[in-house]
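> generate a structure from the sequence data that follows.
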Amino acid sequence: PNIAAWKDAIMTTKRPFLCTDIFRFNNINLDPYTETYNIQFYFEYLGKWPEYCVAYGEPGGNLMAYHLGKIEGEGKNWHGHVTAVTVAPEYRRLHLGADLMHYCEDVSELQKAYFVDLYVRVSNQAGVGMYFNLGYYVYRQVKGYYSGKEDAYDMRIPLSKDPDRHSLQTERRVVEAHEVD
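Here you go, the predicted model:
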């Protein structure tokens, strides 16, 4: 393990993701599994769902990790959605990603959501493993989700509003990207 990163992690601060963080997250977003969006996309999330946008910062001001998400759907499809959760390479294995996922689940519980979902590249074995360890299930596989070339897992975790786990039931385990709502 990176001892220097571990020492800094003790003094981390979880805080709201700020507009200015967009200009400081290159150390995180240069990961091949991290999606980078246009500035308007980030501003939309910060404006509409600020409670789902959080970051970890180190004492020197660098970003260590961040989460962007939202609440969406209707009826029993009302759910929290993880749009991005990513951790800078030098701060991995410190459970920051897991903590951000639990944060999203907690916010979604407060919003009375039935479940939390996310999409992850099938090839992202570390990410898929983390989500499994956190209790997420593969709801379905989405063919060509990433730029029409790479498949994604649509993963979900039911929340307390869904004690019978209806949010995990589906008739089709493999769908095409254009079929995803």
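
> which ones are touching Ile28?
The neighbourhood of Ile28, defined by CB atoms under 8 Å, 6 or more residues apart in numbering, consists of 34, 63-66, 86-88. For glycine as for every other residue, the C-beta is placed from the backbone atoms N, C-alpha and C.

> just the element for it, please.
helix 26-29 (DSSP states H and E).

> that helix: what's the following helix or strand?
Criterion used, DSSP H and E; the element after helix 26-29 is helix 39-48.

> coming back round to it: taking the contacts of Ile28, tell me the two that lie furthest apart.
Of all pairs drawn from the contacts of Ile28, the one with the longest distance (CB to CB) is Thr34 and Met64, at 13.7 Å.

> so these two - more neighbours on which side?
Each of Thr34 and Met64 has its neighbours counted (other CB atoms under 10 Å); Met64 has more, 23 against 17.

> give me phi/psi at the more buried one?
The phi/psi pair for Met64 (degrees, to the nearest 10) reads phi -110, psi -40.

> and His178, how far is that from Val142?
His178 sits 10 Å away from Val142, going by CB to CB, to the nearest Å.

> let me redo that: Gly61
Taken as CB to CB, the span from Gly61 to Val142 is 37 Å.

> who has more neighbours, those two?
Val142 (21 against 8).

> so the more buried one touches Arg173, yeah?
No - between Val142 and Arg173 there is no contact under CB atoms under 8 Å: 10.5 Å.

> pretty sure Pro89 sits against Pro32.
No - using CB under 8 Å, Pro89 is not in contact with Pro32, being 11.1 Å away.

> who has more neighbours out of these two?
Legend: neighbour count by other CB under 10 Å for Pro89 and Pro32, higher for Pro89 (12 against 7).

> give the next helix or strand downstream of the least confident helix or strand in the chain by mean pLDDT.
Lowest by mean pLDDT, DSSP states H and E among the helices and strands of the chain is helix 3-10, with a mean of 53. Using DSSP H and E, the helix or strand that follows helix 3-10 in sequence is strand 13-16.

> and that following strand, what does it pack onto?
Helices and strands touching strand 13-16, by 3 or more CB pairs under 8 Å, 6 or more residues apart in numbering; DSSP states H and E, are strand 54-57.

> note down every partner strand of the strand it packs on and its orientation.
With DSSP bridges as the test, strand 54-57 is paired with strand 13-16 (antiparallel), strand 63-72 (antiparallel).

> deepest of these, which one?
Ranked by mean neighbour count, those are led by strand 63-72 with a mean of 22 (mean count of other CB atoms under 10 Å).
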